[in-house]
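# The following comprises the amino acid sequence and a computationally predicted model.
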Amino acid sequence: MSHGKQFTLYTHAAGPNGWKVAYLLVELGLTYEPVFFDFAKKDQKSPEYLKLNPNGRIPAIIDHGNNDFVLWESNAILLYIVEKYDKEHKFSAVTDADKAYQNQWLSFQASGQGPYFGQFTWFHFYHPEKVSSAEERYKGETERVFGVLDAVLSKQEWLVAGKMTISDMSFISWNLVAFQVILGDDYPFAEKFPAVYKWHNAMAERPAIKACIEQRASMMSH
């Protein structure tokens, strides 16, 4: 593979966690070569990839500008990128307190939003038997997570430091899964969670992020 671009990003067209990293890279103007895995072929379990990421999941990055540094786990990658390349703190916290809040929300996204939204998707699309109670549970957890966010965002525009940071950015791609799959097009989201709706759209309409969202939609349509 040519290393003309600074990063290699191992990802998946539908996988929300890989797109989180792409949003930040494009917002910071950092170049990357995406490698889109075919999960049906178990690309993510290949011996070559497991040497990079023993967890066998996406995403993982190679930072060719830093001695081919390898890192996996999406929110750890976001933190690494801002700490090394966001010297102007465009998308990252500055004070110790705000850094702690930034980590708090990244942890909530990784332990709450991602797993709950992902489990609904699993039981809805991939589990061999229909388990309505599981789908109901994870739909309920999806609404609960949005309720937590809405309560906070009804009082402030952003999660941390009065600006969009990686904490906010980490939620975008899983929000889209909720809108498109878990809750559905006819769900009255803007009425139930108005602050989340406003917050999400403010990020999704940014040109760099919008381009990534459109790229994913195009890949999914094929």
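Cool, the structure landed.

# Just the residues contacting stretch 39-47, thanks.
10, 12, 37, 49, 53, 56-58 (C-beta atoms under 8 Å, 6 or more residues apart in numbering). In short, each C-beta sits where N, CA and C put it, glycine included.

# 7 Å - rerun?
Contacts to stretch 39-47, defined as C-beta atoms under 7 Å, 6 or more residues apart in numbering, come from residues 12, 37, 49, 56-58.

# Closest one to residue 214 out of the residues you listed, please.
Residue 214 has its nearest neighbour among those in residue 12, at 17.0 Å by C-beta to C-beta.

# shouldn't the closest one be in contact with residue 38?
No. Residue 12 sits out of contact with residue 38 when judged by C-beta atoms under 7 Å, with a separation of 8.4 Å.

# per the record, what domains does this protein have?
In the assignment given by automatic domain parsing, the structural domains of the chain cover 7-85, 96-221.

# Can you tell me which of the ones you listed is packed in deepest?
Here the criterion is mean neighbour count by mean count of other C-beta atoms under 10 Å, and of those the winner is domain 7-85, at a mean of 18.

# Helices of this structure, residue ranges please.
In the chain, the helices defined using DSSP state H lie at 16-27, 47-52, 74-85, 96-108, 114-121, 132-153, 166-169, 172-177, 189-192, 194-204, 207-221.

# mind giving me CSV with those and columns for mean pLDDT and distance to residue 6?
Conversion of these to CSV gives the following (pLDDT from 0 to 100; distance: least, C-beta to C-beta, whole Å):
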stretch, mean pLDDT, distance to residue 6
helix 16-27, 98, 9
helix 47-52, 97, 17
helix 74-85, 98, 9
helix 96-108, 98, 23
helix 114-121, 94, 26
helix 132-153, 96, 32
helix 166-169, 98, 18
helix 172-177, 96, 22
helix 189-192, 96, 37
helix 194-204, 98, 23
helix 207-221, 95, 16
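
# Using CSV, please lay out these together with distance to residue 160.
Rendered in CSV, the data for the helices of the chain read as follows (distance: least, C-beta to C-beta, whole Å):
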stretch, distance to residue 160
helix 16-27, 15
helix 47-52, 30
helix 74-85, 12
helix 96-108, 5
helix 114-121, 18
helix 132-153, 10
helix 166-169, 5
helix 172-177, 15
helix 189-192, 23
helix 194-204, 12
helix 207-221, 18
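
# Which one of the ones you listed lies nearest to residue 33?
Between residue 33 and the helices of the chain, the shortest gap by C-beta to C-beta is with helix 16-27, which sits at 10.6 Å.

# what's the angle between that closest one and helix 194-204?
Orientation note: helix 16-27 sits at an angle of 60 degrees relative to helix 194-204 (axes from the mean of the first three to the mean of the last three C-alpha atoms, to 10 degrees).

# ok, of the contacts of stretch 39-47, which one's closest to residue 145?
Distance to residue 145 across these (C-beta to C-beta) is lowest for residue 57, with 20.9 Å.

# Give me the local confidence score for the closest one.
Confidence per residue is given as pLDDT, and for residue 57 that number is 95.

# Quickly note the distance from it to residue 42.
In this structure, residue 57 and residue 42 are 12 Å apart, going by C-beta to C-beta, to the nearest Å.
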